[in-house]
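1. Sequence first, predicted coordinates after that:
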Amino acid sequence: MSLLADQDIAASLVRHARSAHRLRLEVSSLLGDEHLGREIERSVSRKPGVVRVTANARSGRVLIELAPDAAIIAELEAFAKPRRRARGSQVVAKPYARDAETVATALGSSAHRGISEAEAKRRLERFGANLLEAQAQPSRLKLAASQLANLPTALLLGSALVAILLGDVIDATAIVTVVGVNAAIGYRMERTSERLLAGWQRAEAGMASVIRNGQPTTVPASRLVPGDVLLIRAGDVLPADARIVDAHRLFADESPLTGESEPVAKSEAPVAPDVPLGDRSSMLYRGTSIASGHGRAIVTATGCATELGEIQRLATAARGGRARLATRLDALASKLAWSGLAASGVSAVAGLLWRRPALELVRHSVALGVAAIPEGLPVTSNAALVRAMSRMRERGIVVRRLATTETLGGITVACADKTGTLTENEMRLEYVWIDGRRISAADIPAQASGPVSALLGAVVLNSDLDYQRDRDGALHLVGSSTERALVQAAQNAGIAPETLRTRFPRHRLVERTDETRYVISEHDGIAIAKGAPEQILELCGASDGALAENERLASEGLRVLAAAVRAGAGPWRMLGLVALRDPLRAGSVAAVQEAARAGIRTVMLTGDQRQTAEAIAHAAALEGEIVEGIELPAILADPERLRRIAVVARVTPADKVAVIEALRSAGEIVAMAGDGVNDAPALQAADVGIAVGVESTDLARQTADIVLERADLRAILTAIAEGRIVQDNLRRSVRFQVAGNLGEVITITSASVMGRRFISPLGVLWINMITDTLPGLALALESGHPEVLARPPAAPSAPILDRGDWRRIVRDGSAIAAASGLAALAGGPLAAFAVLGAAQFSYAASCRSTDRADDTRRFALMVGGSSALHLGAVAIAPVRSLLGISGSLPIALASFAFATATPLLLGWLRDRRHEVIRQGKV
């Protein structure tokens with residue numbers, strides 16, 4: 001069975017409820033393709049026993065409601081089993097290097113008549129639908145399971161399991177509750193991000209104009225096959241790879257595929273077999289668009305066999321590393337687990353020597369295991385990530401995975417595509433040159449006259465744009481970015497393009513060729529030529545000054561065109577030069593400079609020519625070596641030279657991946673920012689992939705870890721700052737929790753060695769929960785230091801806690817244990833229990849960041865609330881009985897007050913001393 005007649009579409013069974021007579025299928029190729037959804041609904045609804053069909057292009061799922069006795073149930077179940085990938089096809093090797101007629105013959109087609117409907121049907125059955133493998137969203141179950149896939153959580157769940165086996169249901173319930181709440185928060189945040197990004201996905205073009213049976217017709221783009229002849233015109237998005245049969249002033253925008261910002265001239269002439277993708281002027285590729293002109297092309301590759309499909313495959317194969325935070329937390333948890341195991345061993349040996357009952361020894365060991373692993377660790381780390389994720393979302397930065405937020409803080413190298421990322425991907429007029437004078441576009445008056453008006457009027461008449469007006473009467477220019485820029489500049493100078501065209505209608509157009517790289521338009525009594533400056537200047541016999549200015553403008557990375565006019569059969573007269581560029585985005589220079597101050601190196605990866613790349617690098621303040629893709633094999637093998645590069649020009653998608661993988665192998669934490677199809681593999685290979693703007697391609701957004709709603713690179717620095725705040729807060733929160741838990745482990749182990757039992761396992765769990773969670777959260781949620789980007793990132797290999805942190809942890813944990821031990825000697829287990837909690841609450845204040853007055857209220861509420869709960873556990877008899885703790889209540893209360901007040905007083909005196917010292921220096 002097939003969801004569509006004559007098409008092989010992969011689907012997987014999501015849910016089948018026989019009793020409800022409902023079947024839900026997941027169809028990856030349906031994502032974003034509303035036309036395919038309508039086709040599936042029409043096709044499946046005709047089958048016997050089907051009551052209703054609903055295809056959702058946003059979720060990629062199909063719901064089929066069936067009659068109770070539907071005989072089709074078994075057929076649908078069998079169809080929904082795992083199937084092969086979308087096949088696609090490429091029948092002719094290197095079609096760009098062959099004559100168009102030869103390609104048509106090899107494809108069993110005709111460049112003029114195309115193929116027949118019957119042959120198209122056979123080929124569709126043979127090659128499959130013209131569909132790419134859409135990247136399905138992670139299932140809810142997978143998303144939920146990912147929240148538990150870390151060592152700290154696994155150790156806590158292990159402790160809960162042991163508690164259940166020992167009959168300690170309360171202990172187990174408390175642990176599982178903490179883990180469950182943590183997982184639910186993470187799941188909700190990530191699920192929300194996935195839904196938001198799915199809403200930005202654009203539907204693919206549904207129909208294509210072709211010639212079949214010798215007649216023009218339209219067919220669904222998904223039913224294109226090799227040999228189909230496409231009819232193409234300005235504005236069309238290419239649905240397949242195709243060899244050009246004939247071209248009329250045809251230019252293609254290939255920036256999504258190659259990164260080339262300027263439209264590329266296309267013709268039917270074959271090219272050399274070894275030319276790179278961006279120079280294959282005889283080919284059109286899926287996902288690119290026609291900037292201007294029209295023509296015909298014969299389909300040579302469909303589906304996954306297209307260049308776009310190959311890039312998608314490369315993106316799937318390029319895998320970034322495991323989340324950095326997960327690796328660091330696992331390393332910390334492993335260290336703590338071994339420490340807890342060692343303490344349990346010491347305690348068990350001591351218990352045997354003191355002849356303690358076996359069950360008591362096991363429970364004591366579980367208590368030590370619980371004490372060694374901070375219960376608040378997963379909660380506080382997730383809370384810090386969630387807060388940063390929420391703050392970024394408010395600023396138009398959508399983060400897909402929680403752990404990505406922390407990785408942002410460690411970025412050392414930021415790679416960026418040029419076209420559409422650093423630049424606008426929209427040409428603008430920069431200068432005109434007339435009679436020896438260079439005039440900035442900004443200096444052209446709103447009502448230009450004289451030579452400037454003549455030059456701009458000429459390029460308007462020579463342009464090949466379609467003028468379209470919307471319902472509100474607003475004029476829209478359809479065509480190449482270069483010609484749009486020239487006509488817009490003319491409008492800004494007071495020229496009305498439509499009026500001018502009416503006054504001087506075009507009678508004839510002599511198109512450019514490989515030999516004559518200019519276009520001539522003939523009007524009433526005049527002819528206008530526009531194109532390559534060298535050839536236009538030769539037509540006019542222009543001066544050396546014009547030639548020199550052309551070279552100067554080109555050396556600045558500008559695209560230069562010349563224009564000339566001829567009256568009747570007279571000589572050509574030079575009108576001037578126009579110079580255009582794809583300008584930098586607002587904020588690009590500031591972003592590069594801020595990144596440098598933050599210790600982050602920026603590397604531009606572009607498919608542009610070296611000269612253009614050099615000009616953009618200079619304008620963007622990029623410092624370092626500029627190289628080309630052909631030089632990469634030698635550079636990637638030389639770590640020293642790799643550290644010096646600032647720009648790599650003429651790169652392919654595979655080159656971008658190679659650069660990123662080499663940087664990561666050298667120990668860098670790499671971000672990649674891009675917006676095109678050609679950026680997707682690099683986005684996947686980087687530690688953090690960033691899709692720039694909601695107008696970025698679907699593949700870029702599907703692959704990226706982060707999507708910027710606005711195409712402003714300064715938002716990346718905002719995200720990095722949030723990542724650094726997360727790192728700083730997590731380090732302080734983890735240091736607090738580990739020191740407190742170390743104090744508990746030392747206290748319990750010391751009691752075991754002395755043959756005493758200070759605190760019950762449930763009492764230990766209580767202290768862990770009450771001290772780790774809210775105080776740990778208070779530290780994890782503090783606002784960041786305003787100068788967080790004024791320092792370099794931490795070393796990529798640095799753990800969460802460095803040696804200095806561990807020295808402080810041992811010192812402070814020992815002090816907490818000593819205070820608890822003294823309290824035990826004075827007032828028994830209850831006093832030890834009271835002090836063990838109170839000392840940690842006071843210790844939290846000393847772990848705070850300095851100058852965080854704006855967070856003091858929240859910190860006081862969270863830590864004060866925990867302190868009040870602990871005091872209640874000490875003072876209320878039923879709670880003491882439940883926790884299994886006894887002792888002198890007056891001494892316990894006095895100890896609690898002393899342990900709370902003394903560190904706070906010492907901290908206040910220390911802060912006052914520092915303030916006096918600072919004032920004295922001022």
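-> In hand now; what should we look at?

2. contacts and neighbour counts: CA atoms only from here.
-> Will do.

3. helices and strands around the helix or strand containing residue 382, which ones?
-> Using DSSP states H and E, the element containing residue 382 is helix 376-394. Here helix 376-394 touches helix 151-165, helix 169-199, strand 397-399, helix 402-408, helix 714-753, helix 761-780, going by 3 or more C-alpha pairs under 8 Å, 6 or more residues apart in numbering; DSSP states H and E.

4. Quick one: closest of the ones you listed to residue 36.
-> Closest approach to residue 36 among the helices and strands packed on helix 376-394 (C-alpha to C-alpha): helix 169-199, 17.0 Å.

5. where does the stretch 301-450 of the chain dip in pLDDT?
-> 315-323, 367, 369-371 (pLDDT under 70).

6. all helices of it, in order?
-> Ranges of helices in the stretch 301-450 of the chain, per DSSP state H, counting those that start in this stretch, are 307-317, 324-353, 358-372, 376-394, 402-408, 450-462.

7. Domain ranges for this structure, per the record?
-> Here the domain assignment for the chain is 1-84, 428-443+451-581, based on automatic domain parsing.

8. Spatially central residue for this protein, please.
-> Closest to where the C-alpha atoms of the chain average out (C-alpha atoms, centre = their mean) is residue 704, at 2.6 Å.

9. For that one, give its distance to residue 692.
-> Distance, residue 704 to residue 692, using C-alpha to C-alpha, to the nearest Å: 9 Å.

10. just the angle between the host helix or strand of residue 836 and helix 714-753, please?
-> Element membership for residue 836 (DSSP H and E) is helix 803-846. Here the directions of helix 803-846 and helix 714-753 differ by 90 degrees (axes from the mean of the first three to the mean of the last three C-alpha atoms, to 10 degrees).

11. Give me the packing partners of helix 803-846, helices and strands only.
-> Against helix 803-846 (3+ C-alpha pairs under 8 Å, 6+ apart) you get helix 714-753, helix 761-780, helix 856-875, helix 889-921.

12. avg pLDDT for that helix?
-> Averaging pLDDT along helix 803-846 gives 90.

13. That helix: how far from the chain's middle?
-> 44 Å (C-alpha atoms, centre = their mean, to the nearest Å).

14. just stretch 420-439 next, same as before
-> 31 Å.

15. so what's residue 616 up against?
-> Each residue near residue 616 by C-alpha atoms under 8 Å, 6 or more residues apart in numbering is listed here: 557, 584.

16. Could you look up the SS state of it?
-> helix (DSSP: H, G, I helix; E, B strand; the rest coil).

17. so how far is residue 585 from it?
-> For residue 616, the distance to residue 585 equals 11 Å [C-alpha to C-alpha].

18. Ok, residue 425 next?
-> 9 Å.

19. Tell me which of these two has more neighbours.
-> Each of residue 425 and residue 585 has its neighbours counted (other C-alpha atoms under 10 Å); residue 425 has more, 21 against 18.

20. Got phi/psi on the more buried one?
-> phi 60, psi 40 (degrees, to the nearest 10).

21. For it, which non-adjacent residue is spatially closest?
-> Once flanking residues are discounted, residue 425 sits nearest to residue 419: 5.3 Å by C-alpha to C-alpha, 6 or more residues apart in numbering.

22. wait, isn't residue 796 in contact with residue 407?
-> No: Residue 796 is beyond contact range of residue 407, at 9.8 Å (criterion: C-alpha atoms under 8 Å).

23. just to revisit the earlier point, residues making contact with the helix holding residue 382?
-> 152-153, 178-179, 182, 185-186, 189, 398-399, 402-403, 405-406, 718-719, 722-723, 726, 729-730, 733-734, 737, 768-769, 772-773, 776-777, 780-781.

24. Show me which of the residues you listed are buried.
-> 152-153, 178-179, 182, 186, 189, 398-399, 402-403, 405-406, 718-719, 722-723, 726, 729-730, 733-734, 737, 768-769, 772-773, 776-777, 780-781 (16 or more other C-alpha atoms under 10 Å).

25. got a list of what residue 207 touches?
-> 218, 219, 220, 221.

26. which one of the residues you listed has the most neighbours?
-> residue 221 (23 neighbours).

27. still on that earlier bit, show the pLDDT at the residue nearest to the centre of the chain.
-> pLDDT, residue 704: 89.

28. Let me know the closest of the contacts of residue 207 to residue 144.
-> In terms of C-alpha to C-alpha, no member of these lies closer to residue 144 than residue 221, at 36.6 Å.

29. The closest one contacts residue 210, correct?
-> No: assessed by C-alpha under 8 Å, residue 221 is found out of contact with residue 210, at 9.9 Å.

30. Check the gap between residue 270 and residue 247 for me.
-> Counting by C-alpha to C-alpha, the gap from residue 270 to residue 247 is 13 Å.

31. can you check residue 296 too?
-> Residue 296 is 7 Å from residue 247, by C-alpha to C-alpha.

32. which regions of the stretch 451-600 of the chain sit below the pLDDT cut-off?
-> 514.

33. All the strands of it, residue numbers only.
-> 466-469, 475-478, 508-510, 518-522, 526-531, 559-567, 573-581 (DSSP state E, counting those that start in this stretch).

34. and among those strands, the most buried is which?
-> strand 573-581 (a mean of 24; mean count of other C-alpha atoms under 10 Å).

35. What is that one packed up against?
-> Packing partners of strand 573-581 (3+ C-alpha pairs under 8 Å, 6+ apart): strand 428-434, helix 450-462, helix 533-540, strand 559-567.
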